[in-house]
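*Asks:* Here's a sequence, model it:
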Amino acid sequence: MKAKFCVLIFLFPLIAAFGSESKTVLESKALIQRVLVGHSGDFIVKEIPSENGMDVFEVATQNGKIVLSGNNGVSIATAFNWYLKETAHVSYDWQAIKPLTISGNLPLPIVKTHKTCSA
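*Replies:* Numbering: from 1, shown residues only. Purely as a prediction, here's the structure:
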């Protein structure tokens with residue numbers, strides 16, 4: 001019994017670390033996977049705080065990955081759309097029934113983009 005308890009105490013931090021992503025981040029990653037099949041590993045998705053009550057998103061690069069940040073799911077999706085349009089130079093019909101096909105490595109943003117919206 002004591003051994004099982006010790007194992008649980010040891011494993012708990014590991015299990016908690018893997019389950020620490022918010023629902024918003026998980027849903028945003030699922031969106032990226034649906035739109036860019038096979039490229040979801042090229043992205044890091046983060047939640048950031050709003051700014052003065054306004055929605056905010058960022059597109060950046062970190063350790064060879066594309067970083068999409070936003071204060072909610074819509075902001076992160078907007079960051080993803082911004083990346084596709086401004087960096088990857090592709091357009092995606094959000095009512096499309098099949099994913100985008102981009103072969104090879106995805107282009108990395110050269111500079112960090114930071115946008116806010118009061119709408």
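
*Asks:* contacts and neighbour counts: CA atoms only from here.
*Replies:* Noted.

*Asks:* where's the closest residue to residue 88 other than its chain neighbours, which helix or strand?
*Replies:* With C-alpha to C-alpha, 6 or more residues apart in numbering as the criterion, residue 88 has its nearest non-adjacent residue at 5.9 Å, and that residue is residue 107. Residue 107 is part of no helix or strand when elements are defined by DSSP states H and E.

*Asks:* count of residues packed around residue 107?
*Replies:* 15 (other C-alpha atoms under 10 Å).

*Asks:* pretty sure it contacts residue 86?
*Replies:* No. Using C-alpha atoms under 8 Å as the test, residue 107 is too far from residue 86 to be in contact (10.4 Å).

*Asks:* any idea which helix or strand carries the most centrally placed residue in the chain?
*Replies:* The centre of the chain sits closest to residue 45, judged by C-alpha atoms, centre = their mean, with a distance of 2.5 Å. Assigned by DSSP H and E, residue 45 belongs to strand 43-47.

*Asks:* contacting residues around residue 33?
*Replies:* Neighbouring residues of residue 33 by C-alpha atoms under 8 Å, 6 or more residues apart in numbering: 39-40.

*Asks:* can I assume it sits in a helix?
*Replies:* Yes. With DSSP: H, G, I helix; E, B strand; the rest coil as the criterion, residue 33 is part of a helix.
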